[in-house]
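Engineer: Structure, please.
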Amino acid sequence: MKIASVETLLLEHKLARPTGPASILNAYRRTLLVRMSTDDGLIGWGETAPLAGVRETIDTSIAPLLVGRDPRAIGRSWRTRWLAPFENGLAVGAVDIALHDLVGQALGVPVHQLYGGARRDRVPVYASGGTYYEGVHPSEVWLAETRDLVARGFRAIKLRMGRYDARSELDALAAVRAALPRDIKLMVDAWGSYTLATALMVGRELERLGLTFFEEPLPQFGYRGYEQLAAQLDIAVAGGEMLQNRQAFKELFDRRAVDIVQPDASLCGGIREVLFIAELAELYGIQCIPHSWSGAILNAASIHIAALIAEPTLMPGVGTPMVEFDVTENPFASGLIRTPLPLVDGCFEVPSTPGLGLNMNLDAIRAMEVPRAR
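Structural biologist: Purely as a prediction, here's the structure:
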C-alpha cells in the first residue's frame, strides 16, 4: 500500500451574524481539510485551522515526504528528528489525523484500537456555546440558549465571558445557574480577557456559583500569570489549547500553571501527540480534557482520544474526560458528514467502524470549498 496523494481543501462559510469570543466577532468560519488517498482507493481525512503558512507547509514540505510511502509505517514515515525543530503543530496535526484515519481503515479497526482499544464506550460531551453578538449582552440570550441545550440532551455547557463588565456577566451567569438543574455542569471561557486581579475576583465568584472550570482567563501568549491564578483559586483553571508541541506543555506543567490541560489534536501535532501530553499530564496530577473547536473530523478524532485517556482517579466516573462540541453556527461540525453524531444521555458513542468512523459528505465539502487562486 502506498500513499498516492495528499491534498488540502480550504472550506469557508459566511455566518448569518458575526459571532465569537470576548475580543473578536467573526463574519466567517473557515477550516482546512487534508484528504490523503492510497493507491488502492482508501481515503483518510484530517483537519486544522487555516492560519497563515499552514496550507503551504502541508503542500510543499509534508506531502512530498509522504507520497509513495506505506501509511502503515506511521512511526518512521515522515516525522524525523532533524525535522522536529521546524514542525508546524497545525500542519502536522491535520496530517497526523488523516494518517490515523487511513491506517485504521487499512487495518480494519477504529483509531482507538491502534492504541489498545477504548477505555469506555461513551464519552461525555459538553456544549460549547454562549458566544457573543454585536450589542447583545449575555443576560439577553444565555437563559434561553442554555435551556434549549439542556432540552437537546446536553449535561454540560460552556459559555463565553469577558466582553462586558465582569459584574454584569456574573449576574447573568448566576441567573443561568439558578435556572438550570444542579446536575448540569457549567463552565466559562474568558479567552484571555482579564488581568490577574480581575481574573481572581471573577474566579472566586465562579467558585461560589459552583462552576466546573475557568478556561483561559489571562492572555494565552506564554500563559504568564497562570501559576499565580491557579494557586489562589479553588476552581479548576483550564488552558493550553494554543500550545503546539510537547515541550511547551511540559513547561506549563512544570510551572503548575493549569489544573486542566486542553491540547487540541489539530493544533499540537495530532492524535498521538495529544495522547502523549495526556499521559505526561497524568504524571503531574493534571487532568486532560481535549479542546475541539472546528469540524466533524476533529470532533471524531477527539472522541477517539477521550475514549483512550485514563480516568483521573481510581473511582470511575469522577472527572471522566469530556469532549467539546461546538453548538454555534458551524456547518463543518455537522454538514461534512452524512450521519450526525447522536447524543445519548449527554454522551457521544465511541465509533466502532474502521478509522475515524466518518461517512464524509463530499457534496457539502465541494459546496463550501474555496477555489485555489491561479
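Engineer: tell me what the longest strand along the chain is packed against?
Structural biologist: Taking DSSP state E as the criterion, the chain has its longest strand at strand 3-20. Judged by 3 or more C-beta pairs under 8 Å, 6 or more residues apart in numbering; DSSP states H and E, strand 3-20 is in contact with strand 26-38, helix 63-66, helix 89-107, strand 132-133, helix 331-334, helix 362-368. For the C-beta atoms, the positions are set from N, CA and C on the backbone; glycine is no exception.
Engineer: Show me how far the shortest one is from its chain's centre.
Structural biologist: Mean C-alpha position of strand 132-133 versus that of the full chain (C-alpha atoms, centre = their mean, to the nearest Å) differs by 21 Å.
Engineer: So which elements touch that strand?
Structural biologist: strand 3-20.
Engineer: Give me the average confidence score over the strand it packs on.
Structural biologist: For strand 3-20, mean pLDDT rounds to 97.
Engineer: do the same with stretch 126-134
Structural biologist: 97.
Engineer: for stretch 223-236, same thing?
Structural biologist: 98.
Engineer: List the buried residues of that stretch.
Structural biologist: 223, 225, 226, 227, 229, 230, 233, 235, 236 (16 or more other C-beta atoms under 10 Å).
Engineer: and which of the residues you listed is nearest to residue 365?
Structural biologist: Minimum distance to residue 365 across the buried residues of stretch 223-236 is 35.1 Å, recorded for residue 223 (C-beta to C-beta).
Engineer: before we move on, the earlier item: out of the buried residues of stretch 223-236, list just those in strands.
Structural biologist: Using DSSP E, these in strands are residue 236.
Engineer: Would you mind giving the buried residues of stretch 223-236 as TSV with distance to residue 175 added?
Structural biologist: Below are the buried residues of stretch 223-236 laid out as TSV (distance: C-beta to C-beta, whole Å):
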residue	distance to residue 175
223	31
225	30
226	29
227	32
229	25
230	28
233	22
235	19
236	23
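Engineer: how about the helices of the stretch 201-350 of the chain, start to end?
Structural biologist: 226-232, 246-254, 271-283, 296-308, 331-334 (DSSP state H, counting those that start in this stretch).
Engineer: And these: which comes nearest residue 69?
Structural biologist: Comparing the helices of the stretch 201-350 of the chain by C-beta to C-beta, helix 271-283 comes nearest, at 16.8 Å.
Engineer: what angle do that closest one and helix 296-308 make?
Structural biologist: Per axes from the mean of the first three to the mean of the last three C-alpha atoms, to 10 degrees, the angle that helix 271-283 makes with helix 296-308 is 40 degrees.
Engineer: and helix 271-283, what's its mean pLDDT?
Structural biologist: Helix 271-283 comes out at a mean pLDDT of 96.
Engineer: With stretch 36-56 instead?
Structural biologist: 97.
Engineer: For the stretch 201-350 of the chain, which residues score under the pLDDT cut-off?
Structural biologist: Within the stretch 201-350 of the chain, not a single segment meets pLDDT under 70.
Engineer: so when I look at residue 357, I'm seeing a strand, right?
Structural biologist: No: Residue 357 is assigned coil when assessed by DSSP: H, G, I helix; E, B strand; the rest coil, not a strand.
Engineer: ok, so of the buried residues of stretch 223-236, who is nearest residue 370?
Structural biologist: Of the buried residues of stretch 223-236, the one sitting nearest to residue 370 (C-beta to C-beta) turns out to be residue 223, at 32.9 Å.
Engineer: Which element, helix or strand, includes the closest residue to residue 138 other than its chain neighbours?
Structural biologist: Computed as C-beta to C-beta, 6 or more residues apart in numbering, the closest residue to residue 138 that is not its neighbour in sequence is residue 172, at 4.5 Å. Element membership for residue 172 (DSSP states H and E) is helix 166-179.
Engineer: what's next to that helix, contact-wise?
Structural biologist: 137-139, 142-143, 146-147, 159, 161-163, 186, 188, 194, 198, 201-202, 205-206, 209-211 (C-beta atoms under 8 Å, 6 or more residues apart in numbering).
Engineer: Among these, the buried ones, what's the ChimeraX command?
Structural biologist: Buried members of the contacts of helix 166-179, identified by 16+ other C-beta under 10 Å, are gathered into one ChimeraX selection as follows:
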select :138,142,143,146,159,161,162,163,186,188,194,202,205,206,211
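Engineer: Among the contacts of helix 166-179, which lie within strands?
Structural biologist: 159, 186, 188.
Engineer: for the stretch 51-200 of the chain, which spans come out with low pLDDT?
Structural biologist: 74-86.
Engineer: Mind doing that once more with 90?
Structural biologist: 61, 65, 72-87 (pLDDT under 90).
Engineer: Go through the helix holding residue 172 and flag the buried ones.
Structural biologist: For helix 166-179, by 16+ other C-beta under 10 Å, it's 166, 169, 170, 172, 173, 176, 177.
Engineer: same deal with stretch 309-328?
Structural biologist: Quick answer for stretch 309-328 (16+ other C-beta under 10 Å): 309, 311, 312, 320, 321, 322, 323, 324, 325, 326, 327, 328.
Engineer: and the two most separated of these?
Structural biologist: 311 and 328 (29.9 Å).
Engineer: Could you break this protein into its assigned domains?
Structural biologist: 3-111+359-368, 114-349 (automatic domain parsing).
Engineer: Out of these, which is the most enclosed?
Structural biologist: domain 114-349 (a mean of 19; mean count of other C-beta atoms under 10 Å).
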